[in-house]
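Student: What follows is a predicted protein model with its sequence.
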Amino acid sequence: MQGLKDTQSEPDLRNLPIDRVGVKDLRYPVQIQDKEEHLQGTVATVSLAVDLPHQYKGTHMSRFIEVLNSHGPVLDVHSISNLPRELLDRLNAQRAHVEVRFPFFLQKRAPVSKSPGLMDYEVIFEIEAFRDKAEDFVLTVCVPVTTLCPCSKAISERGAHNQRGIVRFSVRFAEPIWIEDLIRLVERCASSELYSVLKRPDEKRVTEIAFDNPVFVEDLVRNVAALSNEQENIVWYRVEAENFESIHNHNAYAVIEKSVAQ
């Protein structure tokens, strides 16, 4: 509308550029394509930001939302890579950052009864784009698991302490990689995977599986790292494991980060 003052475009005299400015924690409905090429509806939490040169007073916040809305509701590792590039163009920026967090659901059947249930996993897309460089894409899956303590098993006459833990597995990749494949990789490395529905025969089975596969938090990150080293498509990874200890008033934690030679 003509005649309205554009305050954001006024000069700023403090000579202080801003690394990131934008919108944060915007909830937005999206559809995620899974490995079976189905579209899964979910709700994402989105953050969008760009850099701001020292001479400008502010950015145009509405343009972030306009770019997101014009992008459409379907997200995958191909389409979302275009988002930060569009922000660079619309906001005349040199660097743009996009973060999208969403719950991703997998149907899992209990190991004995085969009872179906849905498991949810937090997934994070982080993409940073520079005007004169290729995009940097990091995909993270947060996978809950069971761990059973090898030391407790070795010294106890009546079982061993066990607990839930969470593995945050982040990767950079040469070619697009499926969320499901990263989740399965992590679950193979724990004492036992988790399920949403367990009958008594299932509970017996997963308890025995965990007892037969004790892992320290150190074992867990090393197991995931070893499998990651075998994946030709993974060029960098960071695996963090945190055990919510059942007999201590603290959590156990370990992390491995590595670039993988291709």
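Tutor: In hand now; what should we look at?
Student: Relative to the host helix or strand of Ser170, what are the paired strands and their orientations?
Tutor: Ser170 is located in strand 162-173, with elements delineated by DSSP states H and E. Its sheet considered, strand 162-173 pairs with strand 136-148 (antiparallel), strand 234-243 (antiparallel) by DSSP bridges.
Student: can you give me the helices for the stretch 101-250 of the chain?
Tutor: 150-155, 179-187, 200-212, 217-229 (DSSP state H, counting those that start in this stretch).
Student: Would you mark the buried spots in the last one?
Tutor: Spelled out, it's helix 217-229. Along helix 217-229, these residues count as buried under the neighbour rule (16 or more other C-beta atoms under 10 Å): 217, 219-225, 227-228. Just so you know, the C-beta spots here come from the backbone N, C-alpha and C atoms, and that holds for glycine as well.
Student: cool, the third one as well?
Tutor: With burial defined by 16+ other C-beta under 10 Å, the residues of helix 200-212 counted as buried are 202, 205-207, 209-210.
Student: Distance to Val30 added to these, as JSON lines?
Tutor: JSON lines is the format used below for those (distance: C-beta to C-beta, whole Å):
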{"residue": "Asp202", "distance to Val30": "33"}
{"residue": "Arg205", "distance to Val30": "36"}
{"residue": "Val206", "distance to Val30": "32"}
{"residue": "Thr207", "distance to Val30": "37"}
{"residue": "Ile209", "distance to Val30": "35"}
{"residue": "Ala210", "distance to Val30": "35"}
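Student: For Arg14, state which of those is nearest.
Tutor: Ala210 (57.7 Å; C-beta to C-beta).
Student: Spit out the contact partners of that closest one.
Tutor: 146-148, 162, 191-192 (C-beta atoms under 8 Å, 6 or more residues apart in numbering).
Student: what does Arg63 give?
Tutor: With C-beta under 8 Å, 6+ apart, Arg63 has these contacts: 87, 90-91.
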